[in-house]
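Trainee: Let me see the structure of the following:
(chains A and B)
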Protein chains: 2
Amino acid sequence: MTGKLYGLGLGPGDPELITLKAHRIIRSVPVIAYPAPDTGESFARRIAAPYLIPEQIEVPILVPMRVERFPAQEIYTKAADEIGAHLDAGRDVAVLCEGDPFFYGSFMYLFERLAHHYPTEVVPGVSSIMASASALGRPLAARNDVLSVLPGPLSDDRIKAGIDAAGAVAIIKLGRHFARIRALIDTMGLTTHAAYAERVSLAEQRVMPLADVAEDAAPYFSMILIYKGGEAWHPALATSNGPTS
Amino acid sequence: MTGKLYGLGLGPGDPELITLKAHRIIRSVPVIAYPAPDTGESFARRIAAPYLIPEQIEVPILVPMRVERFPAQEIYTKAADEIGAHLDAGRDVAVLCEGDPFFYGSFMYLFERLAHHYPTEVVPGVSSIMASASALGRPLAARNDVLSVLPGPLSDDRIKAGIDAAGAVAIIKLGRHFARIRALIDTMGLTTHAAYAERVSLAEQRVMPLADVAEDAAPYFSMILIYKGGEAWHPALATSNGPTS
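Mentor: Presented below is the predicted three-dimensional model:
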């Protein structure tokens, strides 16, 4: 009997935003694996930390953190080998994933290497696009809106086309593209409909109208939401939507 | 002291896919409210049913269920009045929401009426688009894909434009538009990249390649996912991603 592979969505950051199912599985598996930067803390592990068990075997997947580049596939081949050895030995393995495993997540690289060979279950999680809308106190999308999710590294032309075609927009992976994208939104006359959200659901959460952001760059865990369908954003509505209190 | 209003995302249907936070709040509030069809069971209440407390006051919001039309706003004005009376009396009220409250959810109609007047917190939930990708065993979106979410009632031209502009697509609110949209996807040569998911995470879950769907219509809780970026869908990978077992 081989072990079972789980891909666990852990949500946007607040440990209370994991699902009951992910919580049960974290508490039951002998092995956990998670992406970890070459220096510093693993964000996925941080979300799960309150629920981890001292006896659990931990498999950190060391991934150099560069917003602009996708990691080398050898990293995932090596990690899949290591995880596969635990599964072959009959040990269930839960891969901890920020947000949702299949929404721009690196879990897909392990899934495509392992799911053909081992029983595999993916547990969806709360995505940061939904968590950002909640934190901002306004709809992500409604009625018959088209919603476009646009990665920041795309060209101005592609981002403009995505915004033009949609009633609601989430622009993710901002990083050093933030200033360029903000200027583009301004050119399109949509700044009053745009809001910024950073590290939502954590104590460090920052949410504000896009026009109020002082910086010219943004961290990895941030996004811009545009909602054309309604009135402009009401900051007052967001103030009560803070991190877990 | 007035009560606090909560909008609780309950996820796609499996009661184990609610968050720890939504679970805690459901167990703590004296009043719950939820949308309910004029005949039959409230899906939101069904998801929360294992956690409800007999003493809780229940406020069903009776909404005629027609996929094609948005409900009359008087329904929400009346419901907001009823919920507001509980809040005025100092009782916290949790509004139960399928999926995520701000992702095409009717909670926004209550939010816009009440959030200016009462302390309000929105708790995001697992969305059906992420849960469908998990159930199908393939990514919703990856790398620098554009993801388009397209409501089925839109015209062929708008749906085609949305598909053309994106690497990954979720088409929601299918209903009687299903046959038309399937024909459109076929014309675009994308059928082998398209999959169908219905009532994901429930015992009644059905997931399959789009080409295998026998019916010419689809229920409200269904969607089509298209993923251009990778190889076509592997049914084998989905078989182990069933409802909670």
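
Trainee: could you pull out the helices for chain A?
Mentor: Secondary structure of chain A by DSSP state H: the helices cover A:20-26, A:43-48, A:73-88, A:107-114, A:128-136, A:156-164, A:178-187, A:235-238.

Trainee: just the strands in chain A please.
Mentor: For chain A, the strands defined by DSSP state E cover A:5-9, A:31-36, A:57-62, A:93-97, A:120-123, A:147-151, A:168-172, A:194-198, A:206-209, A:222-227.

Trainee: remind me which residues of chain A are low pLDDT?
Mentor: Flagging of chain A using pLDDT under 70 yields the residue ranges A:65-71, A:230-245.

Trainee: Quick check, central residue of chain A?
Mentor: In chain A, the residue lying closest to the centroid (C-alpha atoms, centre = their mean) is residue A:99, at 4.1 Å.

Trainee: Can you spell out the domain ranges of chain A, please?
Mentor: Following automatic domain parsing, one gets these domains for chain A: A:5-123, A:128-238.

Trainee: so can I have a markdown table of those showing distance to residue B:111?
Mentor: C-betas here are computed from N, CA, C, even on glycine. Conversion of the domains of chain A to a markdown table gives the following (distance: least, C-beta to C-beta, whole Å):
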| stretch | distance to residue B:111 |
| --- | --- |
| domain A:5-123 | 19 |
| domain A:128-238 | 8 |
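
Trainee: coming back round to it: deepest-packed of the helices of chain A, please.
Mentor: helix A:128-136 (a mean of 29; mean count of other C-beta atoms under 10 Å in any protein chain shown).

Trainee: Pipe the strands of chain A into a markdown table and attach distance to residue B:3 and mean neighbour count per row.
Mentor: Below are the strands of chain A laid out as a markdown table (distance: least, C-beta to C-beta, whole Å; neighbours: other C-beta atoms under 10 Å in any protein chain shown):
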| stretch | distance to residue B:3 | mean neighbour count |
| --- | --- | --- |
| strand A:5-9 | 31 | 28 |
| strand A:31-36 | 39 | 24 |
| strand A:57-62 | 43 | 16 |
| strand A:93-97 | 36 | 28 |
| strand A:120-123 | 33 | 26 |
| strand A:147-151 | 32 | 26 |
| strand A:168-172 | 30 | 27 |
| strand A:194-198 | 27 | 25 |
| strand A:206-209 | 24 | 18 |
| strand A:222-227 | 28 | 25 |
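
Trainee: so what's the residue nearest to residue A:229 when sequence neighbours are not counted up against?
Mentor: With sequence-adjacent residues excluded and distances taken as C-beta to C-beta, 6 or more residues apart in numbering or on different chains, residue A:229 is closest to residue A:167, at 4.9 Å. Residue A:167 makes contacts with A:141, A:145-147, A:227-229, as judged by C-beta atoms under 8 Å, 6 or more residues apart in numbering or on different chains.

Trainee: Quick check: the gap between residue A:167 and residue B:181.
Mentor: For residue A:167, the distance to residue B:181 (C-beta to C-beta, to the nearest Å) stands at 19 Å.

Trainee: Kindly report the same for residue A:200.
Mentor: 33 Å.

Trainee: Report the contact partners of residue A:44.
Mentor: Neighbour list for residue A:44: A:10, A:34-35, A:96-98 [criterion: C-beta under 8 Å, 6+ apart].

Trainee: returning to what we had before: any chance of the strands of chain A in a markdown table, with distance to chain B too?
Mentor: Putting the strands of chain A into a markdown table (distance: least, C-beta to the nearest C-beta, whole Å) gives the following:
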| stretch | distance to chain B |
| --- | --- |
| strand A:5-9 | 7 |
| strand A:31-36 | 15 |
| strand A:57-62 | 17 |
| strand A:93-97 | 11 |
| strand A:120-123 | 4 |
| strand A:147-151 | 4 |
| strand A:168-172 | 8 |
| strand A:194-198 | 12 |
| strand A:206-209 | 12 |
| strand A:222-227 | 10 |
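
Trainee: Which stretch among the ones you listed approaches residue B:51 most closely?
Mentor: Across those, residue B:51 has its closest neighbour in strand A:120-123 (18.8 Å, C-beta to C-beta).

Trainee: Quick check: can you name the pairing partners of that closest one and their directions?
Mentor: Strand A:120-123 has its sheet partners listed here by DSSP bridges as strand A:5-9 (parallel).

Trainee: Take the strand it pairs with, keep the C-alpha atoms, and write them as PDB.
Mentor: The C-alpha coordinates for strand A:5-9 follow below in PDB (Å, rounded to 0.1, in the frame of the first residue of the first chain):
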ATOM      1  CA  LEU A   5      -0.700  12.600  -1.800                       C
ATOM      2  CA  TYR A   6      -2.700  15.700  -0.800                       C
ATOM      3  CA  GLY A   7      -2.500  19.200  -2.200                       C
ATOM      4  CA  LEU A   8      -3.900  21.400   0.500                       C
ATOM      5  CA  GLY A   9      -5.100  24.900  -0.200                       C
END
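
Trainee: could you give the angle of it to helix B:128-136?
Mentor: 180 degrees (axes from the mean of the first three to the mean of the last three C-alpha atoms, to 10 degrees).

Trainee: any idea of the angle strand A:5-9 forms with strand A:93-97?
Mentor: Interaxial angle of strand A:5-9 relative to strand A:93-97 (the same axes, to 10 degrees): 20 degrees.

Trainee: Tell me how far strand A:5-9 lies from the chain's centre.
Mentor: 14 Å (C-alpha atoms, centre = their mean, to the nearest Å).

Trainee: Need the contact partners of it.
Mentor: Strand A:5-9 has contacts (C-beta under 8 Å, 6+ apart) with A:18-19, A:22, A:25-26, A:29, A:83, A:87, A:92-97, A:99-102, A:107, A:110-111, A:114-115, A:118-126, B:126, B:130, B:134.

Trainee: how about the closest residue to residue A:102 other than its chain neighbours, what does it touch?
Mentor: Closest residue to residue A:102 apart from its sequence neighbours, by C-beta to C-beta, 6+ apart: residue B:133 at 4.2 Å. Going by C-beta under 8 Å, 6+ apart, residue B:133 touches A:100, A:102-103, A:122, A:124, B:139-140, B:225.

Trainee: One more: residue A:48?
Mentor: A:10, A:15, A:18, A:26, A:32, A:34, A:96.

Trainee: Kindly report the same for residue A:188.
Mentor: By C-beta under 8 Å, 6+ apart, the residues touching residue A:188 are A:160, A:163-164.

Trainee: Repeat that for residue A:113.
Mentor: For residue A:113, the contact set (C-beta under 8 Å, 6+ apart) comprises A:76-77, A:80.

Trainee: quick revisit: give me the buried subset of the contacts of residue B:133.
Mentor: A:100, A:102-103, A:122, A:124, B:139-140, B:225 (16 or more other C-beta atoms under 10 Å in any protein chain shown).

Trainee: Between the residues you listed, which sits nearest residue A:173?
Mentor: Residue A:173 lies nearest to residue A:103 out of the buried ones among the contacts of residue B:133, by C-beta to C-beta, at 12.1 Å.

Trainee: now that closest one: how far from chain B?
Mentor: Residue A:103 sits 5 Å away from chain B, going by C-beta to the nearest C-beta, to the nearest Å.

Trainee: for residue A:161, same thing?
Mentor: For residue A:161, the distance to chain B - C-beta to the nearest C-beta - is 6 Å.

Trainee: That residue: what's its closest spatial neighbour, skipping adjacent residues?
Mentor: residue B:165 (6.2 Å).

Trainee: try residue A:38
Mentor: Residue A:38's closest residue in space is residue A:64 (C-beta to C-beta, 6+ apart), at 5.3 Å.
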